[in-house]
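1. Predicted model follows, preceded by the sequence.
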Amino acid sequence: MKGLLTSLQTWWLSISQREQRLVVVCAVLVALGSIYWGVVQPVLQRADNAQMRIQSERQLLSWVKNKADEISELKAQGGVAVSSMPINQAVSSSVKRFNVELIRMQPRGEQFQVWVEPMPFNQFVSWIAYLQDSYGIEVVFLDIDKGDQDGLIEVNRLQLSRG
């Protein structure tokens with residue numbers, strides 16, 4: 001280490017004053033560039049990404065609130081159960097009518113948990129309204145996300161029960 005410093009000092013003294021200034025300026029520019037591209041720019045990039053994520057989440061929240069209002073309005077319209085068909089049969093018989101791709105159904109006591117493929121929101125609401133109106137089946141728990149395409153939703157969790 002000491003030998004390296006000695007050789008560096010010898011080299012420094014051997015170059016002209018003009019070259020020394022040039023080396024100092026270059027070293028400062030390299031240090032500033034390293035600080036900017038190594039620290040400042042990544043921090044700014046993360047801040048921009050966070051702002052975009054916040055905006056996206058706000059849009060999703062607004063969209064979900066609007067759709068929740070639509071669901072509440074449809075639920076408020078109500079209807080009387082016409083059929084006492086078991087929940088699993090009612091769901092199975094209605095999926096073809098509404099082009100719902102059923103992944104699986106699992107009983108949970110007197111309720112059923114249902115998994116479906118991503119589908120258009122309006123189609124989903126129509127299907128749920130049909131189950132309510134025709135069979136008296138109500139949504140106990142619903143967790144949805146906005147799908148990859150406009151109008152599509154991903155149903156993370158759907159729990160149904162006889163009202």
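-> Okay, I see it.
2. Domain boundaries for the chain, per the record?
-> 2-50, 78-162 (automatic domain parsing).
3. List the beta-bridge partners for Phe160.
-> Just so we're on the same page, residue 160 is Leu rather than Phe. Phe112, Val139 (DSSP bridges).
4. my guess is it meets Pro86, correct?
-> No: contact between Leu160 and Pro86 fails when scored by CB atoms under 8 Å: they sit 11.3 Å apart. In short, each C-beta sits where N, CA and C put it, glycine included.
5. Show me which of these two is the more surrounded one.
-> Leu160 (25 against 13; other CB atoms under 10 Å).
6. quick one: that one and Ile87, what's the gap?
-> 6 Å (CB to CB, to the nearest Å).
7. Identify the contacts common to the two.
-> Here Leu160 and Ile87 have Gln111, Phe112, Ile137 as joint contacts, going by CB atoms under 8 Å, 6 or more residues apart in numbering.
8. Ranking by neighbours, what's the top pick from these?
-> Ile137 (24 neighbours).
9. Could you find the closest non-adjacent residue to that one?
-> Nearest non-adjacent residue to Ile137, counting by CB to CB, 6 or more residues apart in numbering: Leu131, 4.2 Å away.
10. for the chain, which spans come out with low pLDDT?
-> 78-83, 163 (pLDDT under 70).
11. What segments of it are helices?
-> Here the chain has its helices, by DSSP state H, at 2-14, 17-35, 41-77, 87-95, 121-135.
12. So for Lys146, which of those sits nearest?
-> Among these, the nearest to Lys146 by CB to CB is helix 41-77 (5.5 Å).
13. relative orientation of the closest one and helix 17-35 in degrees?
-> 20 degrees (axes from the mean of the first three to the mean of the last three CA atoms, to 10 degrees).
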